[in-house]
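Enquirer: Have a look at this prediction, sequence included:
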Amino acid sequence: MKPLWVAVCVALGGMAVLTVAVNVLDPDTPRALNALYNLWLLATIAVCTVGFFGACFRFFAFITGERK
């Protein structure tokens with residue numbers, strides 16, 4: 001589970017960096033940076049969704065006694 005949380009942190013950190021870069025270069029943003037931003041956004045959403053469901057499964061397994 002720890003590698004998943006590391007991936008979530010890296011995804012969110014990268015999203016913050018790319019958001020700042022795109023906003024600073026707003027009118028002159030290269031197409032490649034926009035493409036990277038869009039792909040990173042999709043990957044971040046996917047990783048955070050998996051992390052959320054993983055946390056839910058662990059929580060419900062814990063409260064039902066399947067995992068101690």
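Expert: The structure has been received and is ready for your questions. Keep in mind that this is a model prediction, so the values were computed, not measured.
Enquirer: Low-confidence bits of the chain, can you list those?
Expert: For the chain, applying pLDDT under 70 flags the ranges 1, 67-68.
Enquirer: what's in contact with stretch 21-31?
Expert: L33, N34, Y37 (Cβ atoms under 8 Å, 6 or more residues apart in numbering). No exception for glycine: its C-beta is placed from N, CA and C like everyone else's.
Enquirer: Now name the helix or strand holding the last one.
Expert: Pointing back at Y37 there. helix 31-63 (DSSP states H and E).
Enquirer: any idea how far F60 is from the most centrally placed residue in the chain?
Expert: Closest to where the C-alpha atoms of the chain average out (Cα atoms, centre = their mean) is T44, at 2.9 Å. Per Cβ to Cβ, to the nearest Å, T44 is found 25 Å from F60.
Enquirer: count of neighbours near G13?
Expert: 11 (other Cβ atoms under 10 Å).
Enquirer: okay, now F59: neighbour count?
Expert: Neighbours of F59 using other Cβ under 10 Å come to 11.
Enquirer: Next up, identify which helix or strand G14 is on.
Expert: helix 2-24.
Enquirer: can you check G65 too?
Expert: Per DSSP H and E, there is no helix or strand for G65.
Enquirer: residues contacting T44?
Expert: A11, L12, G14, M15.
Enquirer: OK, contacts around the first one?
Expert: Listed by Cβ under 8 Å, 6+ apart, the contact partners of A11 are W40, A43, T44, V47, C48.
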